[in-house]
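J.: Can you look at this prediction? I've put the sequence above it.
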Amino acid sequence: MLFNLSEQNSVANHFMAELRDMRSQQDRLRFRKNVERLGQIMAYEISKNISYAQTSVATPLGKSVVRLMTDKPVLITVMRAGLPYFQGFLDFFDQSDCGFIGAYRREGGEEVVINLEYLATPSVHNRDVILIDPMLATGKSFVRAVDALLQHGTPTHIYIASLVSVQEGIDFITANLKLPHSIYTCAVDERLNDQFYIVPGLGDAGDLCFGPKL
């Protein structure tokens, strides 16, 4: 399943437009806030597909019957660029268990090599997992992250949440991720360039959030 938020008319399009705009990108605080807002919107969209059960809540005047999530999803993000996007999800799933992955791309040569050197996560066995990373480019970091998570159990369903994706990365995940999964993205862009960056994209999300790497 692929969910593309940009196919709908909503205020999310305004937040995405500011993320892409080189002038708006000069305001680092606003950039982070827009990333967080899109995380909140995407958390709401994903929440529609999580398991619910009917229960009752006592009010001062009686009881109200409502449908509540049977279990909170586990939130996993890739540091550092994923942190503001992750915060948007945490604002909505505020009782969720959380995990963190340290990953970086080694460039040079004909392809990008994804290295994972840090993983801290609760058990994901028989649980829904939301894997949060702003950019879905080649898709390799997502597949590597899932492979690492399998050391901590087998998830029921994996929701991959990105800000910007390309079809090449979506196709790679579809072909290589054998677990039940869905891809949620705010936009699907044209292509990857020779350096494997998304075009038109929005630039380096980590640098725009936190400043250039040394």
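T.: Thanks, I have it.

J.: tell me the SS of residue 94?
T.: The local conformation at residue 94, judged by DSSP: H, G, I helix; E, B strand; the rest coil, is coil.

J.: Neighbours of it, how many?
T.: 8 (other Cβ atoms under 10 Å). All C-beta atoms are positioned from the backbone trio N, CA, C, and that covers glycine.

J.: okay, it: pLDDT?
T.: The model reports residue 94 with a pLDDT of 96.

J.: Then residue 114?
T.: 57.

J.: and what of residue 106?
T.: With respect to pLDDT, residue 106 has a value of 62.

J.: Check residue 194 too.
T.: 87.

J.: ok, now the one 4 residues further on?
T.: The model reports residue 198 with a pLDDT of 94.

J.: Is it correct that it is in contact with residue 192?
T.: Yes. Using Cβ atoms under 8 Å, residue 198 makes contact with residue 192 at a distance of 6.3 Å.

J.: Now list whatever residues contact both of the two.
T.: Applying Cβ atoms under 8 Å, 6 or more residues apart in numbering, one finds that residue 198 and residue 192 are jointly contacted by 137, 166.

J.: if you count what's nearby, which of the two comes out ahead?
T.: Shown here are residue 198 and residue 192; by other Cβ under 10 Å, residue 198 has more neighbours (25 against 18).

J.: max-length helix in this structure?
T.: helix 28-47 (DSSP state H).

J.: Which positions within that one qualify as buried?
T.: Applying a neighbour-count criterion of 16 or more other Cβ atoms under 10 Å, one finds 31-43, 45-47 buried in helix 28-47.

J.: nearest to residue 174, of those?
T.: residue 46 (18.1 Å; Cβ to Cβ).

J.: what separates stretch 141-154 from the chain centre, distance-wise?
T.: 15 Å (Cα atoms, centre = their mean, to the nearest Å).

J.: Identify the residues contacting that stretch?
T.: 76, 78, 99, 101, 103, 105, 114, 116, 119, 121-127, 129, 131, 133, 136, 155, 158, 160, 169, 172-173, 176-177, 179.
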